[in-house]
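**Student:** The following block contains a protein sequence and its predicted model.
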Amino acid sequence: MTSKPQTHVVIVSSPGVGHLVCDLELGNRLVADHNVHVTFFVVVESNSSAGESDLIQSARTQKLLDIIELPPVDISDKVEPNSPIFTRLTTIMRETNPILRSAISSLNPSPTALFVDIFGTPALDVADEFHMLKYVFVTSALPLALILYVPVLDKEVEGEYVVQKEPLRLPGCMPVRPADVVDPLLNRTKLEYRVFLQVGLEMRQSDGVLVNTWEDLDTTTLKAMREQEGYGSLAVYAVGPLVRPVKPSGLKCKLLDWLDEQPVESVIYISFGSAGVLSAQQITELAWGLELSRKSFIWVLRPPIKDKGGNALDYLPDGFLERTHNLGLVVTQWAPQSEILGHKSIGGFLSHCGWNSSLESILNGVPMIAWPLYAEQKMNATMLAEELGVAVRPKIAPTKGIVGREEIEMMVRKVMGDQEGMAMRARVKELKDSGEKACAEGGSSFNALTQLVKQCEMNLQRQKVK
């Protein structure tokens, strides 16, 4: 009796820690839970971060994936050095196509499907050349609905999206406030807008999209994308939550030692992601807000963008560290976020609402203060606060003005313990349980990946017939 040949797929991850985390975890799940052979291509930049290198090295030690780094490409004659991230990364991926094509042609056995993240849609053309199924893996559901629907909005909406008096209507989904649109939609005359529109059109030509969410978390949006023709009639697979796993190993550091000494759910964690920074004035107001709240804290602090490389501590109010030395810790280097959020002493998270961070918070049962700064974070923040009820957010958007110390104090106190905060805590713990069940064998996300693998197996059989 001959055994069934192992399905072989390719995952291509564009530069950047955020989606590299998710792409690696997708690969790990396909191997560990579904017996798929995964070749994982990482597109690197000449100035790639230490975080990316650590992730790749860690993945190599697990020996689940065949990891191949594709060399950097020169895009200096294609885009300006300070081009927005959407333009820069999609250009990198387009210029990487010849290298990727050569790398795939040398694989044995030939892969049957190609998975790319949102910046990798230019590589879908390569999949066609090798008769592979082609899928796009994205972070959160509502921004996905927006990018799929942008080709329709581009024809229907006159003028700039951000000056519309009414919310943007996405069929079957929560309306998107003009102020919440993603960065590439802020100016329709810019190249980044045209790139974003092109990505939406390329995604519509794929065999399906994978979303890092689960059915119970995004029921309405997932249903709309599957049933409303305006989104391109794509197959939509909810396969999350896929986050960086917490290592229960002997990781020891000052932060975790300090947390061990704090009461359960008594500490608020403040971090704005790898690229999030505040103005000098906002750092001052946040510091005073934390001090006034009298709640314990861990604050990952970076200097304002104009002082990149400077000493972040110089921007704290005079005497702040002395007055709060028994209350909290200010960190100016890397912090082990997964381990911090998973610690029993953490009771709240002041977050930029990047989707990875949002999922980590939910999966640890931690309510949030939503503080979006860029990309799709404003849409995520609105969903977390208004649809899921697991976050509070300031009255003024942090990108539009300064959030004052009194409001910060109030939000910290609320998320850490008043009646509304307790309701958020109960709700987020319900979502934590549903997310864990979704990924377990027989859960909705496990079953979605099973269905996806069957599609890949069918394509393998078709290739053999040919």
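**Tutor:** Arrived safely, thanks for sending.
**Student:** CA atoms for contacts and neighbours, from now on please.
**Tutor:** Noted.
**Student:** any low-confidence regions in the protein?
**Tutor:** 1-5, 247-252, 306-309, 464-466 (pLDDT under 70).
**Student:** got the residue ranges for the strands in it?
**Tutor:** Secondary structure of the chain, counting by DSSP state E: strands at 8-13, 37-43, 66-70, 113-117, 133-138, 208-211, 236-238, 267-271, 296-300, 328-331, 346-351, 368-370, 391-392.
**Student:** helices or strands up against the first one?
**Tutor:** Packed against strand 8-13, as judged by 3 or more C-alpha pairs under 8 Å, 6 or more residues apart in numbering; DSSP states H and E, are the following elements: helix 17-34, strand 37-43, strand 113-117.
**Student:** among those, which is nearest Pro167?
**Tutor:** Closest to Pro167 of the helices and strands packed on strand 8-13, according to C-alpha to C-alpha: strand 113-117, at 27.7 Å.
**Student:** now the strands of the chain in CSV, with mean neighbour count and distance to Leu153?
**Tutor:** Below are the strands of the chain laid out as CSV (neighbours: other C-alpha atoms under 10 Å; distance: least, C-alpha to C-alpha, whole Å):
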stretch, mean neighbour count, distance to Leu153
strand 8-13, 25, 29
strand 37-43, 22, 32
strand 66-70, 15, 36
strand 113-117, 26, 23
strand 133-138, 24, 20
strand 208-211, 23, 20
strand 236-238, 24, 21
strand 267-271, 23, 34
strand 296-300, 22, 39
strand 328-331, 19, 43
strand 346-351, 26, 30
strand 368-370, 30, 27
strand 391-392, 27, 29
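**Student:** Serialize those to CSV and add fields for distance to Arg405.
**Tutor:** Shown next, in CSV, are those (distance: least, C-alpha to C-alpha, whole Å):
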stretch, distance to Arg405
strand 8-13, 40
strand 37-43, 42
strand 66-70, 46
strand 113-117, 38
strand 133-138, 35
strand 208-211, 37
strand 236-238, 39
strand 267-271, 15
strand 296-300, 15
strand 328-331, 17
strand 346-351, 14
strand 368-370, 14
strand 391-392, 15
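**Student:** out of the ones you listed, nearest to Thr90?
**Tutor:** Among the strands of the chain, strand 113-117 comes nearest to Thr90, with 10.3 Å by C-alpha to C-alpha.
**Student:** May I have the closest one exported as CSV, CA atoms only?
**Tutor:** Provided in CSV are the C-alpha atoms of strand 113-117 (Å, rounded to 0.1, in the frame of the first residue of the first chain):
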residue,chain,number,x,y,z
ALA,A,113,0.6,26.3,-3.4
LEU,A,114,2.1,29.7,-2.7
PHE,A,115,1.2,31.8,0.3
VAL,A,116,2.2,35.5,0.6
ASP,A,117,1.5,38.3,3.0
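**Student:** name the helices or strands packed onto it?
**Tutor:** strand 8-13, helix 124-129, strand 133-138.
**Student:** run the last query once more with 7 Å
**Tutor:** strand 8-13, strand 133-138 (3 or more C-alpha pairs under 7 Å, 6 or more residues apart in numbering; DSSP states H and E).
**Student:** got the residue ranges for the helices in the stretch 301-450 of the chain?
**Tutor:** 320-323, 337-341, 355-363, 377-382, 405-417, 419-439, 444-465 (DSSP state H, counting those that start in this stretch).
**Student:** For the second one, output the C-alpha coordinates as CSV.
**Tutor:** If I follow you right, that is helix 337-341. Taking C-alpha atoms only, helix 337-341 is exported to CSV below (Å, rounded to 0.1, in the frame of the first residue of the first chain):
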residue,chain,number,x,y,z
GLN,A,337,6.2,41.3,25.2
SER,A,338,4.7,37.9,24.9
GLU,A,339,6.1,36.8,28.3
ILE,A,340,5.1,40.1,29.9
LEU,A,341,1.5,40.0,28.6
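**Student:** Out of the strands of the chain, the one nearest Ile99 is which?
**Tutor:** Closest to Ile99 of the strands of the chain is strand 66-70 (C-alpha to C-alpha; 7.3 Å).
**Student:** So what are the sheet partners of the closest one and their directions?
**Tutor:** If you go by DSSP bridges, strand 66-70 pairs up with strand 37-43 (parallel).
**Student:** got the contact list for the strand it pairs with?
**Tutor:** Strand 37-43 is contacted from outside by 6-15, 27, 31, 65-72, using C-alpha atoms under 7 Å, 6 or more residues apart in numbering.
**Student:** What angle do strand 8-13 and it make with each other?
**Tutor:** Angle between the axes of strand 37-43 and strand 8-13 is 20 degrees (criterion: axes from the mean of the first three to the mean of the last three C-alpha atoms, to 10 degrees).
**Student:** Tell me the spacing between Met410 and Ser361.
**Tutor:** In this view, Met410 and Ser361 are 20 Å apart by C-alpha to C-alpha, to the nearest Å.
**Student:** These two: which is more packed in?
**Tutor:** Counted by other C-alpha atoms under 10 Å, Met410 and Ser361 do not tie: Ser361 has more neighbours, with 25 against 16.
**Student:** Would you agree the more buried one is in contact with Leu341?
**Tutor:** Yes - judged on C-alpha atoms under 7 Å, Ser361 makes contact with Leu341 at a distance of 6.5 Å.
**Student:** Show me how this protein divides into domains.
**Tutor:** Under the assignment automatic domain parsing, the domains of the chain span 8-245+440-465, 254-435.
**Student:** Show me how far stretch 68-83 is from its chain's centre.
**Tutor:** 22 Å (C-alpha atoms, centre = their mean, to the nearest Å).
**Student:** now the end-to-end length of that stretch.
**Tutor:** Terminal residues of stretch 68-83 lie 27 Å apart, using C-alpha to C-alpha.
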